[in-house]
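Asks: what shape does this take:
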Amino acid sequence: MRILIFGKTGQVGRELARAPWPEHWSVELLGRAECDLLNRDSIAGVIHTARPHIVINGAAFTAVDRAQAEPETAEKVNCDAPAAMAAACRNVGSALIHLSTDYVFDGSKSGAYLENDPVGPRSVYGRTKAEGERAVAQALPQHVIIRTSWVFAAHGTNFVRTILRLSHERPELRIVEDQKGAPTAATDIATAIATIARRITDGEKDAWGTFHFTGAEPTTWLGFAQAILGLSGRHTRLVPIATADYRTAAQRPLNSVLDCGRIAREYGILQPSWRLSLEDVLTEIDDMAEPAGRRNQ
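Replies: Numbering: from 1, shown residues only. A predicted model of the protein is given here:
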């Protein structure tokens, strides 16, 4: 069984590298050195050469605010690249698992978003990710699109690492309290993707289309920050603020809560506790920061 993964240096890509893959599977991860996502021919070439059973796309232009100033690059990475992957997969008979985002919604719904709710992105990032979803769905019937939210890991750029860094630098942090969503650990996303890949290849399931997957128990950015500081033993003061008081280049959805019922029904994948996953991530961050000599004592 051959699996080809795009985005090996990203948060989810790094977790996919250490996901629980079956021993007899051949899993190849690609980064910028192996494939240029701005070049459709490069994408098609690696897929046609590898001829994998499943392609997993964990690559994206995820710098939400920078995307406002670089819409053409965001379009190429978030839309044109997935479209090229889907076309190449169709040509070689591969399935495609594509990672997407809560930012495809406008955030105005009062309850959790379902997979078939109308999209209405409010940023370049959200728009290009929504376009990428449409391109994949139109080009390849054998696709699984997984929308997730508020991704965090022990590595990369994310809210957890930012809060820990700022708590060392400042006595007080202003945190948005009127945006609601569900933090999701990259390792949980990788595990969900690996589960779907196994069930597809084993012939147990071939449920295609769009699915939502996030951590359980919605919270706010303020609530997330409180959990991070509480579990890490930090005492930095948190000041609640409104979205209107925190100016950013890109607009964020006020409601990012996703209904994850379909992935549970079709694949038996339940929402993990983001609080438990946060404990694991904080432990890993501590282990990485701890001097080697101390670890060996």
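
Asks: chain neighbours aside, what residue packs nearest to residue 232?
Replies: Once its chain neighbours are removed from consideration, residue 232 has its nearest residue in residue 282; the separation is 5.5 Å (CB to CB, 6 or more residues apart in numbering). C-beta here means a position set from N, CA and C on the backbone, and glycine is covered the same way.

Asks: in a helix, that neighbour, correct?
Replies: Yes - the assignment for residue 282, made by DSSP: H, G, I helix; E, B strand; the rest coil, places it in a helix.

Asks: contacts only, for residue 254.
Replies: Remark: with contacts taken as CB atoms under 8 Å, 6 or more residues apart in numbering, residue 254 is in contact with 107, 108, 178, 179, 180, 243.

Asks: again, 7 Å this time
Replies: Counting by CB atoms under 7 Å, 6 or more residues apart in numbering, residue 254 makes contact with 107, 178, 179, 180, 243.

Asks: swap in residue 272?
Replies: Contacts for residue 272 (CB under 7 Å, 6+ apart) come out as 188, 215, 216.

Asks: the closest residue in space to the second one that isn't next to it in sequence: how many residues sit nearby?
Replies: When the adjacent residues along the chain are set aside, residue 215 lies closest to residue 274, with 2.9 Å between them (CB to CB, 6+ apart). Burial measure for residue 274: 24 neighbouring residues, criterion other CB atoms under 10 Å.

Asks: same question, residue 216
Replies: Each residue near residue 216 was counted by other CB under 10 Å, and the total is 16.

Asks: how close does the residue lying closest to it once chain neighbours are set aside sit to residue 226?
Replies: Counting by CB to CB, 6+ apart, the nearest residue to residue 216 once its immediate chain neighbours are dropped is residue 271, at 3.9 Å. Relative to residue 226, residue 271 is positioned 20 Å away (CB to CB, to the nearest Å).

Asks: same question for residue 53.
Replies: Using CB to CB, one gets 43 Å for the distance from residue 53 to residue 226.

Asks: and those two? which has more neighbours close in?
Replies: In this comparison of residue 53 against residue 226, neighbours counted by other CB under 10 Å, the higher total goes to residue 53 at 18 against 15.

Asks: contact partners for the more buried one?
Replies: By CB under 7 Å, 6+ apart, the contact list for residue 53 reads 1, 2, 3, 94, 201.
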